[in-house]
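**Q** quick one: sequence plus predicted model below, questions after.
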Amino acid sequence: MQPARFTFPYGFTGMIPSSEIGEQALYISTLLAALSLGFASAAMASPEVIGCKGDLTKILEALKPLEPKPAGPMRLLASRCLPILHGRYPVYPSPDGRKAFTSHPIDGLWVGSVDRAGANYTFPMHVFTSLWTPIVPFEWLPDSSAVLGVAQDKASGGFALGGLQPYLFTETGGQTPLPVLTHPNGPLDDIFWIGGTGLAFATFGTRGSYFRPEREDPHPTIALVDARAGRVLDAVEIATIPTLPDYRHFVAASSRVDRSGRVRVLTAWRPDIWMLWDQGEKPRILPIHNTIKHPRYTLSMD
């Protein structure tokens, strides 16, 4: 039986230490691992290594921790080394498995083909990152044609000069601006994509201390937006939500679109406050009682 090949999110990503693959690891340090689904025996061949340079024996040794444990019907099938100048940051393959992106706070956004002969491009920018969440402000479109993301004009010291501007980024260097997202209570300061369609959970007027000159934020606001259409679908001032703390205590968000097309967002705030927001309804506090400092969680598909 010919095994099926697929990559993260159905598989996973891993990193080969530079000492394992030689000097060129400074330029080829990020590895995509693919799993095969089939009833594989322990005697099956070693994983295929694609686009990697250096000592093959050392590379295969470095791949061993990526094998599924305990052994079962899935095995590590192949790995690809990508020409990314910065490593040790998560890699996000496209839905069709043919492209990937990764971002670095200083070096910018890299978008490219998983084949070394394919196109790739690094967008030189100071990538916007949220202080407390592991979520990056980039997401593949469902058809894998481009990456949804944002960029921000910044001063030499890293302070913001304006709000976030949504874009579409491609592996050939295309950077297409989307409509500016605006709200009377302030510029776009945070965005968390929902499913790659352009829908997002966003905040306006919440990061005034990161601007120079410093900006006052009298009415910090959370919102549900459609970035591709440039529309704010729903918005609520944080101060109107009972018991919700200052936005500086926000730590995480997870979102889904339900069967009816409505957005549902679950957010976590320090200390141990969880807010659920269904589009068209008022946000409400839930008694979840999880005191993890920086929780990582996701809503179920339903």
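**A** That came through fine.
**Q** use CA for all of it now, contacts and neighbours both
**A** Fine.
**Q** list the contacts for residue 226?
**A** Residue 226 makes contacts with 198, 199, 200, 232, 233, as judged by Cα atoms under 8 Å, 6 or more residues apart in numbering.
**Q** mind listing the strands the helix or strand where the fourth one lies pairs with, and their directions?
**A** Of the helices and strands defined by DSSP states H and E, residue 232 is found in strand 231-237. Taking DSSP bridges as the criterion, strand 231-237 sits next to strand 221-226 (antiparallel) in its sheet.
**Q** what's the burial count for the closest residue to residue 279 other than its chain neighbours?
**A** In this structure, residue 279 finds its nearest non-sequential neighbour in residue 263, 5.3 Å apart by Cα to Cα, 6 or more residues apart in numbering. Residue 263 has 21 neighbours, counted by other Cα atoms under 10 Å.
**Q** mean pLDDT per helix and strand in this protein: which one sits at the bottom?
**A** One helix or strand of the chain scores below all others by mean pLDDT, DSSP states H and E: strand 4-15, with a mean of 35.
**Q** for the stretch 51-200 of the chain, give me the ranges with low pLDDT.
**A** For the stretch 51-200 of the chain, applying pLDDT under 70 flags the ranges 85-88, 127-134.
**Q** bridge partners for the residue nearest to residue 279, pull those for me.
**A** residue 257.
**Q** residue 193 versus that one, what's the distance?
**A** 11 Å (Cα to Cα, to the nearest Å).
**Q** which residues does the residue nearest to residue 279 contact?
**A** Counted by Cα under 8 Å, 6+ apart, residue 263 has contacts 224, 255, 256, 257, 278, 279.
**Q** how about a cut-off of 6 Å?
**A** Applying Cα atoms under 6 Å, 6 or more residues apart in numbering to residue 263 gives the contacts 256, 257, 279.
**Q** now swap in residue 141 and tell me
**A** 147, 196.
**Q** how about the lengthiest helix in the chain: buried residues?
**A** Counting by DSSP state H, the longest helix found in the chain is helix 56-63. Counting neighbours by 16 or more other Cα atoms under 10 Å, one finds that the buried residues in helix 56-63 are 59, 60, 62, 63.
**Q** same question, stretch 284-297
**A** Those would be 285, 295, for stretch 284-297 by 16+ other Cα under 10 Å.
**Q** now stretch 62-69
**A** Buried, per 16+ other Cα under 10 Å, within stretch 62-69: 62, 63, 66.
**Q** closest to residue 250 among these?
**A** residue 66 (33.4 Å; Cα to Cα).
**Q** look up phi and psi at that closest one.
**A** For residue 66, the backbone dihedrals (degrees, to the nearest 10) come out as phi -90, psi -10.
**Q** spit out the contact partners of it.
**A** Under the criterion of Cα under 6 Å, 6+ apart, the contact list for residue 66 is empty.
**Q** so which residues of the stretch 151-300 of the chain form strands?
**A** Assigned by DSSP state E, counting those that start in this stretch, the strands in the stretch 151-300 of the chain fall at 165-169, 175-177, 188-193, 199-204, 221-226, 231-237, 250-257, 263-269, 273-278, 284-286.
**Q** go through those and name the closest to residue 81.
**A** Of these, nearest to residue 81 by Cα to Cα is strand 165-169, at 21.7 Å.
**Q** from the contact counts, what lies against that closest one?
**A** strand 147-151, strand 175-177 (3 or more Cα pairs under 6 Å, 6 or more residues apart in numbering; DSSP states H and E).
**Q** who's in contact with it?
**A** Against strand 165-169 from outside (Cα under 6 Å, 6+ apart): 146, 147, 148, 149, 150, 151, 175, 176, 177, 178.
**Q** out of the residues you listed, who's the most crowded?
**A** Greatest neighbour count in the contacts of strand 165-169, by other Cα under 10 Å, goes to residue 149: 28 neighbours.
**Q** name the residues of stretch 229-247 that come out as buried.
**A** Buried residues in stretch 229-247 (16+ other Cα under 10 Å): 231, 232, 234, 235, 236, 237, 238, 244, 247.
**Q** just checking, the fourth one touches residue 220?
**A** No - Residue 235 sits out of contact with residue 220 when judged by Cα atoms under 6 Å, with a separation of 10.4 Å.
**Q** phi, psi of the closest residue to residue 155 other than its chain neighbours?
**A** Nearest residue to residue 155 in three dimensions, chain neighbours excluded: residue 161, at 6.5 Å (Cα to Cα, 6+ apart). Here is the backbone geometry of residue 161 (degrees, to the nearest 10): phi -110, psi -10.
**Q** got the confidence number for the closest residue in space to residue 267 that isn't next to it in sequence?
**A** What sits nearest to residue 267 in space, not counting adjacent residues and going by Cα to Cα, 6+ apart, is residue 253, at 4.3 Å. Per-residue pLDDT puts residue 253 at 86.
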